[in-house]
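> My questions concern the predicted model and sequence given below.
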Amino acid sequence: TTSFLTPKLKTYSFPYNTHSLLQPPLSFQLIQMKILALRYHSIVSICVPSLFLFGSTSLFLFRSTASMSTTTMNNKNLVIDSHLHVWASATTESKTFPYAEGQDPPDSLKDVASASSLLKTMESNGVDGALIVQPINHKFDHSYVSKAIEDYPEKFKGMMLHDPSLSSENAISKLEELVLKGYVGVRFNPYLWPKISDGEWKRMSSPNESGIAVYKRCGELKMPVGIMCFQGLQLHYDDIEALLKASPDTTLILDHFGFTSLTDEGNKAFEQLLKLAAYPSVVIKISALFRLQDDDTKSFSRVKKERFQPLLQAFGPERLMFGSDFPFSLEQEGGYSNMVKVVSSWFEDEKSRNEVMGGTAARCFGAWGIKVPQK
């Protein structure tokens, strides 16, 4: 066990097996130094390629200032699902990994969203890797997703869920802890911030609070922040712009087309979404097609014409990424398979397809497909 002390915080311990490191122990030290340097607001820059750290069964990926562009393995373009969730099976796992109070999954999905179920679904549909977004069902207890990453590091990476109730110091401490456990992004759910009135919540960008502190630290650590505007982009547009201006170096990812539904209100919000293309750090997830209220639930022809094609023109394929929203996609017409097939069919050229179906995710979150050495 290697321990290091972050200023004003307790000592953290991160287990790893020195005999299974791909890099010498110094690589682990560099990760510690990077965080320590940031803690001291140092200008020190550790310019090293991505560092892969393996425990007996776990992969720790730290992305440095160097760009990650690996999108292929064995000459195969990888398909990466950049947005999905897993939770403990109610029947076999929930006693060990309990749900958060009042956050039980829907009855129809309680036993179909385990990590093992996801793996089978991915394998049968030619999906090579996935970013697991921490589900609200386990709220701020990341133990189930952490176990999935530990068990299948070549397949899974994690996006943690930020807790707005934490102080800035404790929130950054939690972020740094999970970075070293294989998490490569942070999710902001604006509805976890205190509600002020109908349709209004305390801002994620509020000065001197944990949200903006974590957002800025993510820019320093090259970790994207994903935002879920479940009730509509228009409610959070000004807040999002404030985040972008506060830390231009932080990659900001909007889930599910920014929740710009195919309605009059959604169309207005979509115009706002297109304006965000002016910020080079904004990336859009081409995910959860079924949430946009397209009557064509098989091919999603309106989503393609009225949302995807304008986004492709405004942002380019390098700033769009595919996601299925598993396990909710299982209940849609054609299931998970249809989500993969439909989005993959929307491209006129192979290069753009490869970017959206995997390349963008690899650049944002690091390469997938790294095998854990056998003992």
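Ah, there it is.
> only C-alpha atoms for contact and neighbour calcs from this point on.
OK.
> Can you give me the buried ones in stretch 236-252?
Residues 236-237, 239-240, 242-244, 247, 249-252 are the ones in stretch 236-252 that count as buried (16 or more other C-alpha atoms under 10 Å).
> Which members of those residues are the farthest-apart pair?
Greatest spacing in the buried residues of stretch 236-252, by C-alpha to C-alpha: His236 and Asp249 (20.0 Å).
> sorry, back to before: so can I have CSV of the buried residues of stretch 236-252 showing pLDDT?
Formatted as CSV, these follow (pLDDT from 0 to 100):
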residue, pLDDT
His236, 98
Tyr237, 98
Asp239, 98
Ile240, 98
Ala242, 98
Leu243, 98
Leu244, 98
Ser247, 97
Asp249, 95
Thr250, 97
Thr251, 97
Leu252, 98
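> Adding secondary structure, write those out as CSV.
Converted to CSV, those look like this (DSSP: H, G, I helix; E, B strand; the rest coil):
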residue, secondary structure
His236, coil
Tyr237, helix
Asp239, helix
Ile240, helix
Ala242, helix
Leu243, helix
Leu244, helix
Ser247, coil
Asp249, coil
Thr250, coil
Thr251, coil
Leu252, strand
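> In JSON lines, list these along with distance to Lys147.
Below are the buried residues of stretch 236-252 laid out as JSON lines (distance: C-alpha to C-alpha, whole Å):
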{"residue": "His236", "distance to Lys147": "33"}
{"residue": "Tyr237", "distance to Lys147": "35"}
{"residue": "Asp239", "distance to Lys147": "33"}
{"residue": "Ile240", "distance to Lys147": "32"}
{"residue": "Ala242", "distance to Lys147": "35"}
{"residue": "Leu243", "distance to Lys147": "31"}
{"residue": "Leu244", "distance to Lys147": "32"}
{"residue": "Ser247", "distance to Lys147": "32"}
{"residue": "Asp249", "distance to Lys147": "30"}
{"residue": "Thr250", "distance to Lys147": "27"}
{"residue": "Thr251", "distance to Lys147": "26"}
{"residue": "Leu252", "distance to Lys147": "26"}
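> Which single one of these is nearest to Pro190?
Among the buried residues of stretch 236-252, and counting by C-alpha to C-alpha, the member closest to Pro190 is His236, at 8.2 Å.
> Any regions of the stretch 1-150 of the chain where pLDDT drops low?
Applying pLDDT under 70 to the stretch 1-150 of the chain picks out residues 1-76.
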